[in-house]
Each structure stands twice: as structure tokens, then as C-alpha cells.
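[1] Provided below for reference: sequence and predicted model.
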Amino acid sequence: MIRDLSKMYPPARHPPGQPFKFTVTESCDRIKEEFQFLQAQYHSLKMECEKLASEKTEMQRHYVMYYEMSYGLNIEMHKQKSSGAQGEKCTDAR
């Protein structure tokens, strides 16, 4: 994510005609602020990634559970259908 640093670091007032210079301390402070911002952003993205990974695992677990239930019901339907067809054969034979 590229940010507009002019909002974070507005130009300092300096006398006209003189070159704009940062002191070492100012530069270090600005680097430190930017680093802290990036650390916070990294932490936020890492937490979001962990949350999504957890949700993905949970969704996969639910998928397997529903698949197993569906498979079991399908087998039961075929068993009942088979036993029903055999029952019809038995009544026809009498």
C-alpha cells in the first residue's frame, strides 16, 4: 500500500531562498514513525491472515462433515430402495 507521505510529513516552514534540509534527528524520527506504522500494518495483516486461515480450516471441517453425512444418507436410501424392491418381489411370488 503506497501512502501519500506529504500528509504525514507536511513541509516545514523555512526561510525562502534557502534549501530545505532535514536534520539527522528529524530524519531518524520520521524513519522511526514510518517503521512503527509499517509494523502496525504488518501486525494487522498478520492477524487478518491468521483469522482467515482459521475460518478456512473450520469451513473445510464442515465440508467434510456434510459430505460424510450426505454419503451416509445416500447409502441408507439405496439400502431402503433395495430392501423395498426385494419386498415387492417377495409379495409378487406369493
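    Arrived safely. Numbering: from 1, shown residues only.
[2] need the three-state assignment for the spatially most central residue of the chain.
    Central residue of the chain (C-alpha atoms, centre = their mean): Leu52, 2.9 Å from the mean position. At Leu52, secondary structure determined by DSSP: H, G, I helix; E, B strand; the rest coil is helix.
[3] what does the pLDDT read for it?
    According to the prediction, Leu52 has pLDDT 99.
[4] likewise for Phe22?
    Each residue has a pLDDT score; the one for Phe22 is 80.
[5] ok, it - contacts?
    Counting by C-beta atoms under 8 Å, 6 or more residues apart in numbering, Phe22 touches Arg30. Bear in mind the C-beta positions are built from the backbone N, C-alpha and C, glycine included.
[6] what's the distance between it and Glu34?
    Distance of Phe22 to Glu34, given as C-beta to C-beta, to the nearest Å: 13 Å.
[7] same thing with Gln60?
    Between Gln60 and Glu34 the distance, using C-beta to C-beta, works out to 39 Å.
[8] these two - which one has more neighbours?
    Neighbours were tallied for Gln60 and for Glu34 using other C-beta atoms under 10 Å; the higher tally belongs to Glu34 (14 against 10).
[9] which helix or strand contains the more buried one?
    According to DSSP states H and E, Glu34 maps onto helix 24-93.
[10] now Phe22
    With DSSP H and E as the criterion, Phe22 is inside neither a helix nor a strand.
[11] so, low pLDDT: which residues of this structure?
    Within the chain, the stretches falling below the threshold (pLDDT under 70) are 1-20, 87-94.
[12] ok, 80 please
    Within the chain, the segments meeting pLDDT under 80 span 1-21, 84-94.
[13] what is the burial count for Lys46?
    A count of neighbours around Lys46, defined by other C-beta under 10 Å, yields 10.
[14] same question for Gln80.
    Applying the criterion other C-beta under 10 Å, we find 10 residues in the vicinity of Gln80.
[15] so who does it touch?
    With contacts taken as C-beta under 8 Å, 6+ apart, Gln80 has no neighbouring residues.
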